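In: starting from these lines, generate the structure:
(one chain, ligands or ions: 1)
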Amino acid sequence: MNPTLNTFTPAPDLLAGRSIAITGATEGIGRALAKGFAAHGATVIALARNLDRLESLFDEIVGAGHPEPVLQPTDLEGFRADHAQQLANAIGNQFGRLDGLLHNASLLGPRLPLSHYDPAAFSRVMTVNLESAFLLTQAFLPVLEEGTDPLVLFTSSGVGRKPRAYWGAYAVSKAGTEAVMQLFADEGENLSKVRFASMNPGGTRTNMRAQAFPGEDPMSLPTPEDLLPAYLWCFGAAQDFPLNGAALDARAMLGLS
Ligand SMILES: NC(=O)c1ccc[n+]([C@@H]2O[C@H](COP(=O)([O-])OP(=O)(O)OC[C@H]3O[C@@H](n4cnc5c(N)ncnc54)[C@H](OP(=O)(O)O)[C@@H]3O)[C@@H](O)[C@H]2O)c1
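Out: Got it, this is the predicted structure:
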């Protein structure tokens, strides 16, 4: 069940004092959210591969007078448990806690029938989109447990909730993402203060969307910035909502068609 955010106006300091890690923070939805979270007071821990884009994100956030982000150049391809633990240790040493974790990075991968799908590409998409999110969540649980209203938000997709032909490993990874979210949520209920939820951003004007739908007019789609209130609400204003285990839809929350 999606909350309706028609009347939600985020306070400028909604996320003041919070530290929130975002994977895939250099482009598209992740970059817009990193800047938007920082603009509402959060210290963003930005994970992605591209150092130039990470540094330009840093410059934009600091240049706007917002809290200095922490850059963690990270390749989620070939990601392993010890990589996740190193990141968790770094965050623990610097902040002593983590208030939010947004699993946003993903690869689209080939759009082919599974009968023709390259096994190496399948494995790559599953590692970046699904396995890394599991490993990061598991390693970050102790620092999240020290956080304020801690939330782990997994990024889903329409094809993760209902698989569609030719979406290949991407659809499998997103269906698995929903399962991982639900298991963490159910297993932590009444035991942990960390909440787990998933968000389907819906069609959004990004490079990944253009790659998936090359014939579509990008101007017909909401921008990543348009989605910001849904994510701000989750990380900063959903204390009274039964968020744990929720499968959310940003466009429905925001009344975007
Ligand atoms: N856009 C849509 O219409 C739409 C719809 C439904 C769901 N989603 C989901 O929303 C999320 C964001 O999508 P988007 O459209 O914003 O994607 P995007 O524009 O392609 O951005 C993807 C981000 O992921 C990072 N990334 C890719 N591979 C990585 C790797 N191996 N290691 C670390 N980071 C990696 C990229 O940064 P670097 O290149 O710097 O590493 C980039 O910042 C994804 O989970 C996607 O599945 C999007």
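In: what's the end-to-end length of stretch 243-257?
Out: 23 Å (Cα to Cα, to the nearest Å).
In: if you could redo that for stretch 223-231, that was the one I meant.
Out: 14 Å.
In: for the remainder of this discussion, apply numbering that starts at 41.
Out: Got it, first residue is 41 now, which makes that one stretch 263-271.
In: if you count neighbours, what's buried in it?
Out: For stretch 263-271, a neighbour-count test (16 or more other Cβ atoms under 10 Å) marks 264, 266, 267, 268, 269, 270, 271 as buried. Yep, even glycine has a C-beta here, placed from its N, CA and C like the rest.
In: look up how far residue 71 lies from the nearest residue to the third one once chain neighbours are set aside.
Out: Beyond its immediate neighbours in the sequence, the residue positioned closest to residue 267 (Cβ to Cβ, 6 or more residues apart in numbering) is residue 290, lying 4.9 Å away. Remark: distance between residue 290 and residue 71 (Cβ to Cβ, to the nearest Å) = 16 Å.
In: quick revisit: can you give me the neighbour number for the residue nearest to residue 267?
Out: Counted with other Cβ atoms under 10 Å, the neighbours of residue 290 add up to 25.
In: enumerate every residue touching it.
Out: 239, 240, 241, 242, 267, 270, 271, 296 (Cβ atoms under 8 Å, 6 or more residues apart in numbering).
In: adding secondary structure and pLDDT, write the residues you listed out as TSV.
Out: Listed next are these as TSV, based on DSSP: H, G, I helix; E, B strand; the rest coil; pLDDT from 0 to 100:
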residue	secondary structure	pLDDT
239	strand	98
240	strand	98
241	coil	98
242	coil	98
267	helix	98
270	helix	98
271	helix	98
296	coil	92
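In: out of these, which touch the ligand?
Out: 240, 241, 242 (Cβ under 6 Å from any ligand atom).
In: rewinding a little: quick check, nearest of the contacts of residue 290 to the ligand?
Out: Comparing these against the ligand with Cβ to the nearest ligand atom places residue 241 closest, at 4.8 Å.
In: gap between the closest residue to residue 253 other than its chain neighbours and residue 292?
Out: In space, and not counting its chain neighbours, residue 253 is closest to residue 243: 7.7 Å by Cβ to Cβ, 6+ apart. From residue 243 over to residue 292 the distance is 13 Å, taken as Cβ to Cβ.
In: in the stretch 41-190 of the chain, mark out all the helices, start to finish.
Out: Along the stretch 41-190 of the chain, counting by DSSP state H, counting those that start in this stretch, helices occupy 68-79, 91-103, 121-135, 159-166, 172-185.
In: hmm, the third one touching the ligand?
Out: No - counting by Cβ under 6 Å from any ligand atom, the ligand is not contacted by helix 121-135; separation bottoms out at 10.8 Å.
In: export that helix as CSV, just CAs?
Out: What follows is helix 121-135, C-alpha atoms only, in CSV (Å, rounded to 0.1, in the frame of the first residue of the first chain):
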residue,chain,number,x,y,z
ALA,A,121,31.8,-10.0,1.3
ASP,A,122,35.2,-8.7,2.3
HIS,A,123,34.7,-5.6,0.1
ALA,A,124,31.4,-5.0,1.9
GLN,A,125,33.0,-5.4,5.3
GLN,A,126,35.8,-2.9,4.4
LEU,A,127,33.2,-0.3,3.5
ALA,A,128,31.2,-1.1,6.7
ASN,A,129,34.4,-0.7,8.8
ALA,A,130,35.2,2.6,7.1
ILE,A,131,31.7,4.0,7.8
GLY,A,132,31.8,2.7,11.4
ASN,A,133,35.2,4.3,12.0
GLN,A,134,34.1,7.7,10.5
PHE,A,135,30.5,8.0,11.8
